[in-house]
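A.B. asks: for reference, the sequence and a predicted model appear below.
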Amino acid sequence: PFVIFLGWGDEITWVQTYEEGLYQAKKSNKPLMVIHHLEDCQYCQALKKAFAESEEIQEMAQNNFVMLNLMHETTDKNLSPDGQYVPRIMFIDPSLTVRADITGRYSNRLYTYEPQDIPFLIENMKKALRLIQTEL
């Protein structure tokens, strides 16, 4: 029962719900990466394309992360600490802590990334993986 989100990367396995994502993160000891986006959002579309074209992101998304794609707002306020905007990408570690310390480059929208921020997103993915090794 895995969902296909076209355009983000064909080989990525997505969990269906936030609850399932948390469960899988805890069980597999991998960080959960949550991507909030909307189909008709041009910024999301641009980010999706850049995300799919990055081999490094694709490899990490397939192998090192539990991946969740949300196209609606969740009731969990932890996932919208500074507002409900898209696109935003957040990381939750296997202890089920939302990592408020892994943010993008923009102080007004902490978890947003633009297509040119892909190298920065790669660094943040690596940071999320490092944190697990050092903290848990």
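C.D. replies: Done, it's in.
A.B. asks: for residue 122, grab the count of nearby residues.
C.D. replies: 14 (other Cβ atoms under 10 Å). From N, CA and C alone the C-beta is placed, and that goes for glycine too.
A.B. asks: which helix or strand contains the nearest residue to it once chain neighbours are set aside?
C.D. replies: Leaving aside its chain neighbours, residue 122 sits nearest to residue 56 (5.4 Å; criterion: Cβ to Cβ, 6 or more residues apart in numbering). Per DSSP states H and E, residue 56 falls inside helix 55-63.
A.B. asks: do residue 90 as well
C.D. replies: Here residue 90 sits within strand 88-92, counting by DSSP H and E.
A.B. asks: what's that strand packed up against?
C.D. replies: helix 18-28, strand 32-36, helix 118-135 (3 or more Cβ pairs under 8 Å, 6 or more residues apart in numbering; DSSP states H and E).
A.B. asks: next, the angle from the shortest one to strand 88-92.
C.D. replies: For strand 32-36 against strand 88-92, the angle by axes from the mean of the first three to the mean of the last three Cα atoms, to 10 degrees is 160 degrees.
A.B. asks: swap in the last one?
C.D. replies: With the same axes, to 10 degrees applied, the angle from helix 118-135 to strand 88-92 works out at 10 degrees.
A.B. asks: now do helix 118-135, average pLDDT.
C.D. replies: Helix 118-135 carries an average pLDDT of 92.
A.B. asks: list of residues touching the strand holding residue 90?
C.D. replies: Applying Cβ atoms under 8 Å, 6 or more residues apart in numbering, the external contacts of strand 88-92 come out as 21-22, 25, 31-36, 79, 98-99, 102, 104, 109, 111-113, 121, 124-125, 128.
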